[in-house]
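only geometry, no sequence info:
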C-alpha cells in the first residue's frame, strides 16, 4: 500500500510541476529560478517527512521535536531582533506556540495511518493552494496580513485536498465521509495556523521567520500548517477517547 501512496505523491508532484511550468512562463528568469528552487526544496521536505513516518515512526517523533525547537527559536529570535517590541504580544504568541506544540508532539504518537493521512492532506492543500492561487487567484483574502493568499488559491487547494482525502481513505482506514470531514478540519486548522504565523511576521515587519530553507524561509514558514493541523488531529482524538 505504501508504494501506491508514494506513486500518488509522485503524480501530485508531476501535476504540481506542470502548474509551476505554466506559472513560470510568465515570470522573469530570476523569479522562475526562485520558484523552481522552492519546488525542489519542497520535494525534498515531503520525501523526508514521508519516509520518517513510514520507515520508523520514532524518526517522525524526533523530527517533531526538532521542528518545535527551531520554531520556538525563530519566534524568540524575531522578538530579539525587534529590540523586544510588543512584549505582551510576544508572550501571548509564545504561550499559544507552547500549547499547540505540545499537542503537535502528542500527535506523533498517534497511529501511523492517521499521521500519514494528515501529512498528505496538508501537503496537497499547501502546494496546490499556492499553484491554483498563482494561476487563477484574483481576489485577495487578507492582503494586510498575508498578501499572497487568494480566494482562488484557497478554493483550489481545498478542492484538490478533499479529492486527495477520498483517494487516501485506505490510509486513514475510515469511511469516505469521515475522511472528508477530518480533511476539512485539518485544512481549516492549517489555514488558521498559517494566518497566525503571517500575522506574527507582519507584527515584527519581516517577510520570513528565517532563511533556513531555500525558497521557503524558516521552519515556521514551512511547517506552521503541519504544526497546527497535527495539533488539531491530536485534539480531536483526545476528545473522542476522553
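Here it is on my side, so go on. Small disclaimer: the values here were computed from a predicted structure and weren't measured.

Looking only at the helix or strand where residue 239 lies, what residues are buried by neighbour count?
Following DSSP states H and E, the helix or strand that holds residue 239 is helix 219-241. Judged by neighbour count using 16 or more other CB atoms under 10 Å, the buried positions of helix 219-241 are 219-237. For glycine as for every other residue, the C-beta is placed from the backbone atoms N, C-alpha and C.

cool, and stretch 57-64?
57, 59-61, 63-64.

does residue 206 sit in a helix, a strand or a coil?
Taken by DSSP: H, G, I helix; E, B strand; the rest coil, the conformation at residue 206 corresponds to coil.

Provide a list of residues in contact with the spatially closest residue to it that is not a sequence neighbour.
Leaving aside its chain neighbours, residue 206 sits nearest to residue 78 (6.2 Å; criterion: CB to CB, 6 or more residues apart in numbering). Taking CB atoms under 8 Å, 6 or more residues apart in numbering, we find residue 78 in contact with 200-201, 204, 206, 209.

What helices and strands are in contact with the one helix or strand residue 40 maps to?
Assigned by DSSP H and E, residue 40 belongs to helix 29-54. When contacts are defined as 3 or more CB pairs under 8 Å, 6 or more residues apart in numbering; DSSP states H and E, helix 29-54 sits against helix 2-24, helix 57-81, helix 112-136.

Need the winner for burial among those helices.
Among these, helix 112-136 has the highest mean neighbour count (mean count of other CB atoms under 10 Å), at a mean of 23.

What is the distance between it and the centre of its chain?
7 Å (CA atoms, centre = their mean, to the nearest Å).

And for stretch 41-52?
With CA atoms, centre = their mean as the basis, stretch 41-52 stands 12 Å off its chain's centre.

next SSE after the helix or strand in which residue 153 is found?
Per DSSP H and E, residue 153 falls inside helix 151-167. Following the chain from helix 151-167 toward its C-terminal end, the next helix or strand by DSSP H and E is helix 169-172.

What lies in contact with that following helix?
For helix 169-172, the external contacting residues (CB under 8 Å, 6+ apart) are 1, 5, 113-114, 116-117, 120, 165, 175-176, 178-179, 182.

nearest to residue 98, of the residues you listed?
Checking the contacts of helix 169-172 against residue 98 with CB to CB, the nearest one is residue 114 at 23.2 Å.
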